[in-house]
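>>> my questions concern the predicted model and sequence given below.
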Amino acid sequence: MRPVRTGQSALSNFRRRSGWFAAVVLPAVLTLAFIPLKEHVAFANIAMTFLLGIVVAALVGGLLPALATVAISAALLNFFFTEPFHTPFIADAANIITLSVMVAVAVLVAVVVNRSAVRAAEAERARTEAALLFSFARTILFEDNPANRLLAKIAESFGLEKVALEEAGQHGWQTTAVALGPASAITKTVDVQAVQVSDGVRLILRGRELAGDEWAVLETAGFQAVLALRHQRMAATAAEAERQADAAALRNGLLSALGHDLRTPLTSLRTAVGSLRDEQLTLSADDKSELLSVADESISLLSGLVDNLLDSSRLVTGAVRPNIGAIDIEDSVARALRSVPGSDDVKVAIPEGLPEVRADGGLLERVIANLVDNALRHGSADVTLQAREQAGTLVLDVVDHGPGLVQGTEQAAFAPFQRLGDRNVTTGIGLGMSVAKGFIEAMNGTISASQTPGGGLTVTCVLPAVDYREAVAE
């Protein structure tokens, strides 16, 4: 938006200069044009033509140039076109009346035209100010960081070098938000001015000297800046409260789930290790191998539980920062399945020629591993992992044919500590699906669950596919 100049005259400097030029030139030109014709053209007609020149001067330059045109035109009409010629006197009373009426009409026309120009300029200025304030209001409602963005708009709109919002505190005035204006606003002579918004808030402006009428607009803008700052603080407080609520829910759910879900593998691990260390027990090689297998499986379960807990904590605190790149889905699936116990029987159906997916390799592997592990634990051994391309995206389905979920509870399965539809006693604190959802959304993808035809659950992940045409263009 162009800078506001609410203190300017209704007419620009160019128009005022043009008006004064017309005030001098138009009467002179009309005089030179009518002198050879004054014996053939009635005085009233000549006077009306001069009146037209006065109107032009009023339209171009406003009131003062129009009044100057009236005076010059009256003098020239009297001197060159009324008898006795070339004298300040008028012999014919009719010419006196004509000239007087012309002067009166010219003055009235000049006043009306000037007022119309002033009203039009004020209306345009009001429209500009309204559009400016509306733009400020939109910034408060829709910008993520409204206070600083609003100050930047104020600096840009008023052609200022710097705008700051200050609040009164225990140690004096403190800057709470600041923004720099455009480079074109930087001047050698800098004026620092303050707009008092309220007793404890003010705008500090650095740049050109402000015109008189601009202060009212800036006071309104200052109030909007205060609203923007409060909105920004409320949004930050709400976000922090939401994070704390999520963290509290995570802690409460963890405490309620730890009793069984962590105790089971710990008990198995303690029993296996205790048996191996008991010197009074005589164990065969097969017995030792079985106990070591139990210990190894328990450690793997504990490791998975701890990984999901750490990932959930990262998601709650917003610490997940994906490193997005082009990832081959087949390689990610192969690496993910190697970390999932019992995944040897998982059917993989990935056709050749699929595009690469835009994702973080590590996060994508965790998603696949969690979904497959969840399907094996709570579904059945009959698990299929398939991929396909669809409308510029890559779709990954993890399909099981187990008991599935109750109709309408599919999306609830992605909430933390949910173990909907369990039919058996399994370890796990219900974070695998929640972590998968958080990671997929962090990579600009979507995840959903639906009923598998014939029974079971299908979890579908959709991620952006690499567009090879864009890659070539780059």
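Sure thing, it's come through.

>>> quick one: list the elements packing against the helix ranked longest in the chain.
Secondary structure assigned by DSSP state H gives helix 93-142 as the longest helix of the chain. Other helices and strands packing on helix 93-142, by 3 or more C-beta pairs under 8 Å, 6 or more residues apart in numbering; DSSP states H and E, are helix 43-61, helix 63-81, helix 146-158, helix 214-261. The C-beta positions use only the backbone N, C-alpha and C, and glycine is treated the same way.

>>> distance from the chain centre to it, please.
38 Å (C-alpha atoms, centre = their mean, to the nearest Å).

>>> so it versus helix 63-81, what angle?
Taking axes from the mean of the first three to the mean of the last three C-alpha atoms, to 10 degrees, one finds helix 93-142 and helix 63-81 inclined to each other by 160 degrees.

>>> how many neighbouring residues does residue 76 have?
Counted with other C-beta atoms under 10 Å, the neighbours of residue 76 add up to 19.

>>> residue 24 is in contact with that one, correct?
No: Residue 76 lies out of contact with residue 24 (C-beta atoms under 8 Å); the separation is 11.2 Å.

>>> now the most centrally placed residue in the chain: phi and psi?
What sits nearest the mean C-alpha location of the chain, by C-alpha atoms, centre = their mean, is residue 143, with 4.3 Å. Phi and psi for residue 143, reported as degrees, to the nearest 10, are phi -90, psi 150.

>>> name the nearest residue to it, sequence neighbours excluded.
Setting aside the residues directly before and after it, residue 143 is nearest to residue 149 in space (C-beta to C-beta, 6 or more residues apart in numbering), at 4.6 Å.

>>> repeat that for residue 300.
residue 341 (6.0 Å).

>>> so what's that neighbour up against?
Shown in contact with residue 341 (C-beta atoms under 8 Å, 6 or more residues apart in numbering): 297, 300, 373, 376.

>>> so which of those sits lowest on pLDDT?
Among the contacts of residue 341, residue 300 carries the weakest pLDDT, at 74.

>>> can you tell me the element it falls in?
Assigned by DSSP states H and E, residue 300 belongs to helix 285-316.

>>> after that helix, which helix or strand is next?
Following helix 285-316 in sequence, per DSSP H and E, is strand 325-327.

>>> what comes into contact with the helix or strand following that next one?
As assigned by DSSP H and E, the chain's next helix or strand after strand 325-327 is helix 329-338. Residues from elsewhere that reach helix 329-338 (C-beta under 8 Å, 6+ apart): 343, 346, 348, 350, 354, 356-357, 359, 361, 364-369, 372, 385, 387, 394, 396.

>>> any weak-confidence spans in the stretch 151-300 of the chain?
When residues are selected by pLDDT under 70, those of the stretch 151-300 of the chain lie in 183-190, 212-213, 246-247, 249-262.

>>> tell me how far stretch 151-169 is from the chain's mean position?
Taking C-alpha atoms, centre = their mean, the mean C-alpha location of stretch 151-169 is offset from the chain mean by 19 Å.

>>> buried set for that stretch?
The neighbour-count check on stretch 151-169 (16 or more other C-beta atoms under 10 Å) flags 151-167 as buried.

>>> now stretch 339-351
Within stretch 339-351, the residues that count as buried by 16+ other C-beta under 10 Å are 339-340, 343, 346.

>>> make CSV from the residues you listed and add distance to residue 413 and pLDDT to it.
Converted to CSV, the buried residues of stretch 339-351 look like this (distance: C-beta to C-beta, whole Å; pLDDT from 0 to 100):
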residue, distance to residue 413, pLDDT
339, 22, 79
340, 18, 84
343, 20, 85
346, 19, 91
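
>>> including secondary structure and distance to residue 410, could these go into JSON lines?
As requested, those are exported to JSON lines (DSSP: H, G, I helix; E, B strand; the rest coil; distance: C-beta to C-beta, whole Å):
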{"residue": "339", "secondary structure": "coil", "distance to residue 410": "26"}
{"residue": "340", "secondary structure": "coil", "distance to residue 410": "22"}
{"residue": "343", "secondary structure": "helix", "distance to residue 410": "23"}
{"residue": "346", "secondary structure": "coil", "distance to residue 410": "21"}
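
>>> quick one: which of those is nearest residue 88?
residue 339 (110.9 Å; C-beta to C-beta).

>>> give me the element the closest residue in space to the closest one that isn't next to it in sequence is part of.
Take residue 339 and drop its neighbours on the chain: the residue closest to it by C-beta to C-beta, 6+ apart is residue 369, 5.3 Å away. Using DSSP H and E, residue 369 maps to helix 361-378.

>>> what about that helix, distance to the chain center?
Average the C-alpha atoms of helix 361-378, do the same for its chain, and the two points are 35 Å apart (C-alpha atoms, centre = their mean).

>>> list the buried residues in it.
For helix 361-378, burial by neighbour count (16+ other C-beta under 10 Å) applies to 361, 363-378.

>>> which phi and psi does residue 404 have?
Dihedral angles (degrees, to the nearest 10) for residue 404: phi 70, psi -160.

>>> I misspoke; the intended subject was residue 180.
The phi/psi pair for residue 180 (degrees, to the nearest 10) reads phi -100, psi 150.

>>> ok, it touching residue 154?
No: between residue 180 and residue 154 no contact is recorded; they are 11.3 Å apart, counting by C-beta under 8 Å.
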